[in-house]
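> What would the 3D arrangement of this be:
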Amino acid sequence: MFPALYKNNISKNVSRNTIKPSTKDGSSESSKIRLKRLSLVVSLALTTMLTACQEPVTEQKNVQATAETDVQVGEANRNKMNIVSPDWGNAATLTAMGYPPIATGDVRVWDRWVGTPSLPPNTMDLGIRYQPNAELVAQLPVDLVVDNSFYQHARNLYGDVPAESIMFAAKGETANWTDYTEPTRKLGEIINEPKLAEDYIAKSKQDIHIASERLQQRYPNVKKFAVVQFADANNMRMYVANSLFQPALIGMGRQLDVLGKGNKWGFVPIRMGDLAQLDAETCLLIIDPLSPITRAEIDDSLIWQRLSYGNERCVGELPPVWIYGGMSSLVSLANNLSEVTLQGGAAS
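Residues are numbered from 1 along each chain as shown. Take a look at the predicted model:
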């Protein structure tokens, strides 16, 4: 029994001596692993840093360019004048040029009488154009007032604010292109943006030419137009040679047919029966707005029925255009005419 016990003890001692690993060798191996891992981490960090240093170069340039643009825009906004114009003609032209006034009159009915261009949503309403709201005017940060002789009675409302008078109207018995380009250039000068005005004049001329080509394609046989605006079912204004319709139609290669010499506002009052004096090939253009009641009364008029507009004679209805406007009114008129639906006569 003792030899067996002795044999088991020897076996246990041998087992303990042979299966234990060396502590010194294990530590060395672990250190190597940690060094490899550390090297890998350092390599990844360096790669990330180098990539980060290279990629943002473009981003930094973009950020810098954006910042410079913001500074330029800020400078432009600081240098931009706050203009108030109770006159729709000047307000429309400034807006079309990209330099809208901060306020104008009768904003609530702008779309009904002017149409295009649309005013920016933040444009303040001065109230009635002929009698601006004095309390509102006193609160506005105005640098310059742009009006014309029709509004000079209200200049005292603006205190010491300087005012410029600019009028879009014929200087003689016949309106021409220069009567509209010169005031536009003057607008460019007073806002310190002469190039803005020149660019707008050039674009307007091009737009009118494009509109004339569209009209020619649609109605090649319509060469003459008469332009009226109804006051009621029997009375109307006929716009004549010293109105804006003259240079607009000439620019489109068309002729304005009139019945008499106009007043300083460019129209002559006529009655419905006077329309019979127009040539049969002349196309009648009716300028909106036209109330539903007036429209119904015109349709029921025996004189209108005998004139046979829409059948034997040509007729069309145009959207609103501010008759006493500037360059923007010429462009709006040309665009409206190029898109109008004509019926009867030479349009058939």
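
> where does the chain dip in pLDDT?
For the chain, the stretches with pLDDT under 70 are 1-78.

> Please enumerate the strands of it.
With strands called from DSSP state E, the chain shows them at 83-84, 103-104, 124-125, 144-147, 163-165, 224-230, 235-239, 255-256, 267-271, 283-287, 315-318.

> Can you say which of these is packed in most?
strand 103-104 (a mean of 27; mean count of other CB atoms under 10 Å). (C-beta placed from N, C-alpha, C; glycine too.)

> And that strand, what does it pack against?
Using 3 or more CB pairs under 8 Å, 6 or more residues apart in numbering; DSSP states H and E, the elements in contact with strand 103-104 are strand 124-125.

> ok, residue 285 - contacts?
By CB atoms under 8 Å, 6 or more residues apart in numbering, the contact set of residue 285 is 225-228, 315-318, 337, 340.

> switch the cut-off to 7 Å
By CB atoms under 7 Å, 6 or more residues apart in numbering, the residues touching residue 285 are 225-227, 316, 318.

> Could you work out the most separated pair of those residues?
Greatest spacing in the contacts of residue 285, by CB to CB: 226 and 318 (12.3 Å).

> follow-up on the earlier one: out of the contacts of residue 285, who's nearest residue 347?
Distance ranking of the contacts of residue 285 against residue 347, using CB to CB, places residue 316 first at 7.6 Å.

> Report the beta-bridge partner residues of the closest one.
Using DSSP bridges, the bridge partners assigned to residue 316 are residue 285.

> can I assume it is in contact with residue 287?
No: look at residue 316 against residue 287 with CB atoms under 7 Å: they stay out of range, at 10.2 Å.

> and for the two, which residues touch both?
What both residue 316 and residue 287 touch, as defined by CB under 7 Å, 6+ apart, is an empty set.

> circling back: which among the contacts of residue 285 gets closest to residue 175?
Lowest distance from residue 175 to the contacts of residue 285 (CB to CB) belongs to residue 227, with 12.7 Å.

> Tell me who's in contact with that closest one.
So residue 227 contacts 238-239, 245, 285, 287 (CB under 7 Å, 6+ apart).

> rerun that using 8 Å as the cut-off
Shown in contact with residue 227 (CB under 8 Å, 6+ apart): 238-239, 243, 245, 256, 285, 287.

> Double-check residue 310 against residue 344; I have them as touching.
Yes: look at residue 310 against residue 344 with CB atoms under 8 Å: they come within range, at 4.5 Å.

> ok so, going back, so can I have a markdown table of the strands of the chain showing distance to residue 90?
Formatted as a markdown table, the strands of the chain follow (distance: least, CB to CB, whole Å):
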| stretch | distance to residue 90 |
| --- | --- |
| strand 83-84 | 9 |
| strand 103-104 | 8 |
| strand 124-125 | 15 |
| strand 144-147 | 5 |
| strand 163-165 | 9 |
| strand 224-230 | 22 |
| strand 235-239 | 20 |
| strand 255-256 | 25 |
| strand 267-271 | 21 |
| strand 283-287 | 21 |
| strand 315-318 | 22 |
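
> Surely residue 224 touches residue 279?
Yes: when contacts are counted by CB under 8 Å, residue 224 is listed as touching residue 279 (6.7 Å).

> what do these two both touch?
Common neighbours of residue 224 and residue 279 (CB under 8 Å, 6+ apart) are residue 257.

> any idea where the helices of the stretch 51-200 of the chain begin and end?
Counting by DSSP state H, counting those that start in this stretch, the stretch 51-200 of the chain has helices at residues 56-79, 88-97, 110-113, 134-139, 178-190, 194-218.

> Perfect, that will be all.
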